[in-house]
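Q: make a model of this:
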Amino acid sequence: MADHKTPQAARLLVDCLAAQGCDRIFTVPGESFLPVLDALVDVPQINVTTCRQEGGAAFMACADGAMNAAGSGRPGVAFVTRGPGATNASIGVHVAMQDSQPMILFIGDVGRDMRDREGFQEIDFPAFFAPISKWSARIDRADRIPEYIARAYATAISGRPGPVVLALPEDMLYDATEALPRAAVTRPAQAPCPDAMQAMMALIGDAAHAMLPHQGAGAGQGLEDAYFLARLLGDVQVSRGNLDELLAAYDALRRPRACRVQRTSWEAGELYELRDPAVGDDKQALGATLASRFDWLWNHDLDADVRDARARLGWTALSHCA
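A: Numbering: from 1, shown residues only. Sure, this is the predicted structure:
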């Protein structure tokens, strides 16, 4: 078990990871970050998985971050040593960048007093990983560990998720510090691009109603769906937690109308082909029927649907979509 001799900086680093919700670390143990491994012994909520090769550890962290995306949203975490350990892990960082997978790679680095002497397999890790990561940096002061860890988590999970790389000078891990962990960061809410959402919903709606001939309702229904969803998805009260309820309200309000369009589309086809049993080829009756049968289709109050959906969701009227 680790004891009171565990360096404070290494202990702080592990405590910061625990505060951010880290529950699993993948690593190939190295002497450059032994104090961190000692500190992990006393933190049972973080499971340490020892790997045989650094590339495997990085890929495991990639997969862990990807699987967490739909749940906790926490990035995968890996620890490797300097030199070939870090370069072996770089392929996992590259994959995480290209696949938008949140992960954080910690690298045990040479001591600060040995920097720029090309000793102990030294590499300028911030420069090396800059092209294939969202952010790469080196923690030179123990007092700033909470700041760097919080920023690493925020960067990895925000916007387009991706990898972050932090180098840990070996001697820094032995420094004394009175700094405290920061509160866990969360992924900020980001509204989807309105133009992109409208275009996507128009395509989905048009595809969904493409089987509805005769009434020209396919494109119309697609535009209605796009408008309806854009109004709801663009609301400031939308969150990941109520998205399922939003889609359920959409289905409850839009499905009956789509079904009616499908049914009446077939009926319109029968009219056009003069096969309707009630109208047949009576031109006068046909004209009277066609003059009124589309009113419900083209004069529908979409804003009323939006208000109804908002009422179902229990949303207040204080939003930019009100």
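
Q: what segments of the protein are helices?
A: 8-19, 34-40, 54-68, 84-98, 125-129, 145-157, 194-208, 217-233, 243-272, 283-292, 295-298, 302-313 (DSSP state H).

Q: out of the ones you listed, which gets the lowest mean score?
A: Of all these, helix 194-208 carries the lowest average pLDDT, namely a mean of 70.

Q: in a markdown table, list the helices of the chain along with mean neighbour count and distance to Glu170.
A: Using the backbone N, CA and C atoms, a C-beta is placed for each residue, glycine as well. Output for the helices of the chain, formatted as a markdown table (neighbours: other CB atoms under 10 Å; distance: least, CB to CB, whole Å):
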| stretch | mean neighbour count | distance to Glu170 |
| --- | --- | --- |
| helix 8-19 | 22 | 10 |
| helix 34-40 | 22 | 9 |
| helix 54-68 | 22 | 17 |
| helix 84-98 | 21 | 13 |
| helix 125-129 | 19 | 13 |
| helix 145-157 | 22 | 14 |
| helix 194-208 | 15 | 46 |
| helix 217-233 | 20 | 49 |
| helix 243-272 | 15 | 45 |
| helix 283-292 | 12 | 83 |
| helix 295-298 | 12 | 72 |
| helix 302-313 | 16 | 54 |
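
Q: of those, which is nearest Asp113?
A: Among the helices of the chain, helix 8-19 comes nearest to Asp113, with 15.7 Å by CB to CB.

Q: and that closest one, how far out from the chain middle?
A: 26 Å (CA atoms, centre = their mean, to the nearest Å).

Q: that helix versus helix 145-157: what angle between them?
A: 40 degrees (axes from the mean of the first three to the mean of the last three CA atoms, to 10 degrees).

Q: show me what helix 8-19 is packed against.
A: Helices and strands touching helix 8-19, as assessed by 3 or more CB pairs under 8 Å, 6 or more residues apart in numbering; DSSP states H and E, comprise helix 34-40, helix 145-157.

Q: pull the contacting residues for the residue sitting nearest the centre point of the chain.
A: With distances taken as CA atoms, centre = their mean, Ala69 lies nearest the centre of the chain, 5.8 Å away. By CB atoms under 8 Å, 6 or more residues apart in numbering, Ala69 lies in contact with 101-102, 161.

Q: grab the CA positions of stretch 166-183 and hand them over as CSV.
A: Provided in CSV are the C-alpha atoms of stretch 166-183 (Å, rounded to 0.1, in the frame of the first residue of the first chain):
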residue,chain,number,x,y,z
LEU,A,166,-0.1,15.7,-21.2
ALA,A,167,3.6,15.2,-20.4
LEU,A,168,4.6,14.7,-16.8
PRO,A,169,8.2,15.6,-15.9
GLU,A,170,9.5,12.9,-13.6
ASP,A,171,10.8,15.3,-11.0
MET,A,172,7.6,17.3,-10.9
LEU,A,173,5.7,14.3,-9.6
TYR,A,174,7.8,14.4,-6.4
ASP,A,175,7.1,18.1,-5.7
ALA,A,176,5.1,19.2,-2.6
THR,A,177,1.9,21.1,-3.2
GLU,A,178,-1.2,22.4,-1.4
ALA,A,179,-3.4,22.6,-4.5
LEU,A,180,-6.8,20.9,-4.4
PRO,A,181,-8.7,19.1,-7.2
ARG,A,182,-11.2,21.0,-9.2
ALA,A,183,-14.8,20.1,-9.6
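
Q: let me see the domain layout of the chain.
A: Following the assignment in automatic domain parsing, the chain carries domains at 8-174, 194-313.

Q: redo these as CSV? Include distance to Arg187.
A: Shown next, in CSV, are those (distance: least, CB to CB, whole Å):
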stretch, distance to Arg187
domain 8-174, 5
domain 194-313, 9
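
Q: name the residues that touch stretch 181-193?
A: In contact with stretch 181-193 (CB under 8 Å, 6+ apart) are residues 12, 15-16, 18-21, 73, 146-147, 149-150, 153-154, 157-159, 233-234, 238-240.

Q: oh, I was asking about stretch 121-128
A: Contacts for stretch 121-128 (CB under 8 Å, 6+ apart): 82-84, 86-87, 90, 107, 109-110, 114-116, 136-138, 165, 167.

Q: inside strands: which ones of these?
A: Judged by DSSP state E, the subset of those located in strands is 107, 109, 136-138, 165, 167.

Q: redo those residues as JSON lines? Include pLDDT.
A: As requested, the ones in strands among the contacts of stretch 121-128 are exported to JSON lines (pLDDT from 0 to 100):
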{"residue": "Ile107", "pLDDT": "95"}
{"residue": "Asp109", "pLDDT": "91"}
{"residue": "Ser136", "pLDDT": "96"}
{"residue": "Ala137", "pLDDT": "96"}
{"residue": "Arg138", "pLDDT": "96"}
{"residue": "Val165", "pLDDT": "97"}
{"residue": "Ala167", "pLDDT": "95"}
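
Q: need the contact list for Val77.
A: 17, 22, 24-26, 61, 64, 103-104, 106.

Q: what sits against Asp171?
A: Asp171 sits in contact with 111-113, where contact means CB under 8 Å, 6+ apart.
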